[in-house]
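1. Have a look at this prediction, sequence included:
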Amino acid sequence: MEDKSTNVDPIVIEHLTKDYGEGRGIFDFNFTIKKGEMMGFVGTNGSGKTTTIRSIMGFIKPTSGHAYVNGKEAYEHASENTKHIGYVPGEIGFPDLKTGTNFLKSQAEFLGLKDMSYANELIKKLQLDPRANLKRMSKGMKQKTALVSSLINNPDILLFDEPTTGLDPLMRLAFMDIIKEEHKKGKTILMSSHMFNEMEDTCDRVALINNGHIIDIVDMKDIRNRPVKDFKIEFNKKEDYEKFKKLDYKIIRDQVEYNQVTVELKKEDTSKLFNDLKNYDVKFFSEVKYTLEKYFKEILLKKENKNV
Amino acid sequence: MFSKALYKQSWKANGIMWSIITFAVCFMLACVMLISGSGSIGNMKQSIEDTIITGEIDAQMESRSINYYSIATDGEQKFDEYFVKNFKSVKTYDALVTNYLTQKLSGVDAEFPTPQQDDNAQGLYALATQTWLQSMPTDPSALATWQTQRPNTNEQLVTYAYKASLTNLQKYEQEKALQINENYVKDSDESNEIVGASICAVDPSANDTIKELYTNNNETLPSMYDVNSLLAHITEENDVFEYRTSDERLSYLRERAQNSSAVYLAGNMTTEKNKTALINALSSYGVTPEKYETFGYTFSSINHTAQTTIVSYQGRFDYELDLINKKYTPEQRTSEAYLNEVKEMNEKLTKDLSNSLLDSLPKEVSDALEEVGQMDLYSLIVGSIFYKMAGLLLPIIYMIMVANNLIAGQVDSGSMAYVLSTSTKRKQVVFTQATFLVTSLLAMFTCTTITSAICLSIVKTETITLTYSELILLNVGAFVTMFALSGISFLASCWFNRSKYSMSIGGGLNMFFLVATMLGLFGSKVLPSVVRLNALNFFNYTSLISLFDVISILDGTTAFIWKFAILIVVGLICYIVGSIKFQKKDLPL
């Protein structure tokens, strides 16, 4: 293993494969997360998100390929690497200690940490009462406690495995705020989720994982600044609808029963569409927002078609 | 290698359970040691011992009474034989002396007939006659009176024969003793005993020691030995041989022998000298003079026992003899085969009647009773039952749960992720957790050691043979056993990611060992053979706990040391394999 410890990407995944047999596992993962970048993992349950994160933590030994953290092989150097990683596991199970405070103190002791000021700051921000009994904590409280414990020593790399699953929307927002804040501080973050909208707002890049394969990695800038836009138009009269269809627009969806069409056009052609529509009796007009979800659905659809 | 934070966390997580279990074990131990040490066990053991001891004494008595009885009957018959012979020889001699006197008085120079060598009766007669001869008066007028004083009346002849026969008998018995054992020389205790048994039957007054047996115990001396019946048969048709073996004579001899043997035995056993000797011999079984008194061996009780034994012996002897007689014609009854058979029968009979308590029970039972007598119940309860079984139950439960909590439970719940994400190496984790498990068990057994030492100091009496060093070895043994067993649980905990598998394999195996030890106890040597089920001994070969050799520790042998070594090696291997596995495997965290 060549020494890449200076000025290297925090997380490098090379041909990472973990084969659990029967097609389960992850196969030939390749990606790099740059310093300060936030990457998202989306995918269905059991698609391999957690396996990838565990590989980075060095908890499992890859069948082949490597995961590097700060240039150091993840499995071999797990204990050194984890100094720089804050980890919130998908399944929260705390050690057999009495209260959240006990747990956080114990974690600080493990890390050789004397200064609890950052932890206290986080606790305040999350409105967490750490004196509560660990066993009787609600899912949200547990998640908050886990988050605090992962950030307690201010690590550079953060791995979140479905951190918001099972949280109510308000709690989720508070959570995402903290993550965003950490991101702003320049931390490298990898977060998995099966919620597309969470990713859209926060991540720089999102990888779509399906059945153990990376289907696509998309830069969110490309989604946000797409050169084409979709509009949905509904007409009051059938004649207008027929007439409009004859115009030179790329119709991607046609719903005859509602006299409705969805057109795709370049950003700069938007004014042309408005001009054209002046002459029609338009009942309803809206831009169809292009989402990550839509993007991935298209990709998956294409892939399926190809396979068929 | 060692993570102080993790060690602290493990104590926080398992400390309460440790305290509860340790308290419970120490409490149980204290109860077992104090209650079973408070005396009731000793009493039970002593009463069993007493039964065995009195049984042995009774058996000895019965055997002796039959022995005396046969010596006595034999002696009586021999005496009859001697008497007849002596009387006849005295009669012959008397004729010779009369002849000599007639010659001497008529002035013929004759020589006094010399008595035959070794013929005591003739000797006595000669001595008496010579004394009489020397007192011959010079005055012829007194001569007639002097002549009537000649010591050859029938009564005097009988006395000569009688006394000579007694001497003969004594000699005969002394020779018999020598034949039995060449150390039984004349005047040895054994020789005297044999002589005494027959003299006592014929004429107790002839010996002062024997006479005392009667007088000291207020027994009336038996009437004079009946020689007149013999004389009656000598004079008339000279059918004395037939008379001597007749039923009439035999039954007279038997009754006399029966009474005399019983008195002889009872008298001998109640003399201070013999009593002291007996108590000394039994002192190793805890028999004190006071205790001996409680056994109730008085003159009359021994006399009674001896009489009944002899009666039943004689009854059975007659019956058995009858059976043998049926197989032989009267002519054959002098043959070697017949005599051998009678001898064998007699030996068997003597043995049967004098069976000691242990001999008469089936062998297994008698072994068991003997074992009970030798068994150290207190050590059995503390060692084999508490330290090897009951006392291990709670520590095993603790160990199964903690071993699982330390690794598999944390992997299963996911809390291990927090430990490992703090740059704590897996090696550190596994080493620290193993250290915790071993040190917590060590602490637990340190507590039991202290508790047991205190309890022993409270109940320690002479009857409790358990020593402090044995007690400490028992505690060490229990810890070493727990070390090996905890190795198995720890290995299972390292091997599996799921608590349920770790628990069922590690815990199941350990519980199996414990249950096998419990079942095996019923087949093991520590239990008396009556309650032992040998089939269950098989379980001892299936349990690792069997290597905790309590018997060896309590017996003071060294066999337990290499067994401890095996346990330690098993434990070490399990811990090492477990820690390697934990460092190598994938963790679902």
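-> Nice, thanks for sending it over.
2. Ignoring the adjacent residues along the chain, who's closest to the residue in chain A positioned nearest to chain B?
-> Residue nearest to chain B within chain A (C-beta to the nearest C-beta): residue A:93, separated by 3.1 Å. The way it works is simple: take the backbone N, C-alpha and C, and place the C-beta from them, glycine included. Distances taken as C-beta to C-beta, 6 or more residues apart in numbering or on different chains place residue B:413 nearest to residue A:93, at 3.1 Å, with adjacent residues excluded.
3. doesn't residue A:134 make contact with that neighbour?
-> No - using C-beta atoms under 8 Å, residue B:413 makes no contact with residue A:134, being 11.2 Å away.
4. More neighbours: those two, which one.
-> Legend: neighbour count by other C-beta atoms under 10 Å in any protein chain shown for residue B:413 and residue A:134, higher for residue A:134 (21 against 18).
5. hmm, the strand or helix carrying residue B:486 in reach of chain A?
-> Assigned by DSSP states H and E, residue B:486 belongs to helix B:468-495. No - Helix B:468-495 lies out of reach of chain A by C-beta under 8 Å from any C-beta of the partner chain, never closer than 14.3 Å.
6. in that helix, what's buried?
-> B:470-471, B:473-495 (16 or more other C-beta atoms under 10 Å in any protein chain shown).
7. Make sure residue B:464 is indeed in a helix.
-> No - read with DSSP: H, G, I helix; E, B strand; the rest coil, residue B:464 is coil and lies in no helix.
8. For it, which non-adjacent residue is spatially closest?
-> Nearest non-adjacent residue to residue B:464 (C-beta to C-beta, 6+ apart): residue B:378, at 5.0 Å.
9. Let me know how buried the one you found is, in neighbour terms.
-> For residue B:378, using other C-beta under 10 Å, the count is 22.
10. Where does it sit: helix, strand or coil?
-> Following three-state DSSP, we place residue B:378 in the helix state.
11. what does residue B:38 give?
-> Three-state assignment for residue B:38 (three-state DSSP): coil.
12. Who are the contact partners of whatever residue of chain B ends up closest to chain A?
-> As assessed by C-beta to the nearest C-beta, chain A sits closest to residue B:413 within chain B, at 3.1 Å. Taking C-beta atoms under 8 Å, 6 or more residues apart in numbering or on different chains as the contact definition, residue B:413 lies against A:91, A:93-94.
13. Chain B contacts on the stretch 101-250 of chain A?
-> Taking C-beta under 8 Å from any C-beta as the contact definition, the stretch 101-250 of chain A meets chain B at A:102-103, A:106-107, A:109-111, A:149-150.
14. Mutual contacts of residue B:413 and residue A:134, please.
-> In terms of C-beta under 8 Å, 6+ apart, residue B:413 and residue A:134 are both contacted by the residues residue A:94.
15. what does the stretch 301-450 of chain B put close to chain A?
-> Along the stretch 301-450 of chain B, the residues adjacent to chain A under the rule C-beta under 8 Å from any C-beta are B:405, B:410, B:412-415, B:417-426.
16. Which of the residues you listed fall in helices?
-> Within those, residues falling in helices by DSSP state H are B:405, B:410, B:412-413, B:417-420, B:426.
17. Mind putting those into a markdown table with distance to residue B:172?
-> What follows is these, written out as a markdown table (distance: C-beta to C-beta, whole Å):
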| residue | distance to residue B:172 |
| --- | --- |
| B:405 | 90 |
| B:410 | 96 |
| B:412 | 96 |
| B:413 | 98 |
| B:417 | 104 |
| B:418 | 104 |
| B:419 | 99 |
| B:420 | 102 |
| B:426 | 97 |
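18. got the residue ranges for the helices in the stretch 201-308 of chain A?
-> A:220-224, A:238-246, A:270-277, A:292-307 (DSSP state H, counting those that start in this stretch).
19. okay, the ones you listed, which one's buried deepest?
-> Among those, the stretch with the highest mean neighbour count (mean count of other C-beta atoms under 10 Å in any protein chain shown) is helix A:238-246, at a mean of 14.
20. now that one, how far from the centre of its chain.
-> 42 Å (C-alpha atoms, centre = their mean, to the nearest Å).
21. cool, and stretch B:455-465?
-> Relative to its chain's centre, stretch B:455-465 lies at 26 Å (C-alpha atoms, centre = their mean).
22. How about stretch A:55-71?
-> Centre to centre, stretch against its chain (C-alpha atoms, centre = their mean), the figure for stretch A:55-71 is 20 Å.
23. and if you look at stretch A:72-88?
-> Chain-centre distance of stretch A:72-88: 21 Å, with C-alpha atoms, centre = their mean.
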